[in-house]
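Undergrad: Prediction below, plus the sequence it came from.
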Amino acid sequence: MNIQKPNRREFLGRAGLGIAASTIGVPLLEHAVSAAPTAAAAGEIPYRVLGRSGEKVSMVGLGGYHIGVQKDEEESIRIVRTAVDSGINFLDNCWDYNGGESEVRMGKALRDSYRKKVFLMTKIDGQIKDVAARQIDE
């Protein structure tokens, strides 16, 4: 029997679907996003409560890595604002994505009261106290 192996894209797609299917209705951790989504009408983004924070965040988030790669900064800003205007309020970024450009562009996109509409998460990758403190300051 000759079984053809899936390519990387197919494998990741299947793995993602499997993970998503296995976690529906199952809280991963006590402090993780709650399993019960807030009711949403068809075509609207569902929300969940984030841990003990009480914050309701969209089940779909916007990652910041790709925000720093567009040639035109205005396109990056349009992407972020379109996501927020569409109901996505969970944004994720990291201080060193694209040499910091992703955070700069996301910051510009969140001007004009957009910052008040989102829950913004950022990461550092410093594993030593001094390195982590320096990254936070940057």
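TA: Looks like it arrived, so ask away.
Undergrad: Name all residues that make contact with D96.
TA: Contacts for D96 (C-beta atoms under 8 Å, 6 or more residues apart in numbering) come out as D125, Q135. (Each C-beta comes from the backbone N, C-alpha and C, glycine too.)
Undergrad: That one and E138, how far apart?
TA: Distance of D96 to E138, given as C-beta to C-beta, to the nearest Å: 9 Å.
Undergrad: Mean pLDDT per helix and strand in this structure: which one sits at the bottom?
TA: Taking mean pLDDT, DSSP states H and E as the measure, the chain has helix 8-23 as its least confident helix or strand, at a mean of 55.
Undergrad: any idea which helix or strand comes after that helix?
TA: strand 47-49 (DSSP states H and E).
Undergrad: Relative to whichever helix or strand comes after that following strand, what are the paired strands and their orientations?
TA: If you walk from strand 47-49 toward the C-terminus, the next helix or strand you reach (DSSP H and E) is strand 56-58. Pairing partners of strand 56-58, with direction, according to DSSP bridges: strand 47-49 (antiparallel).
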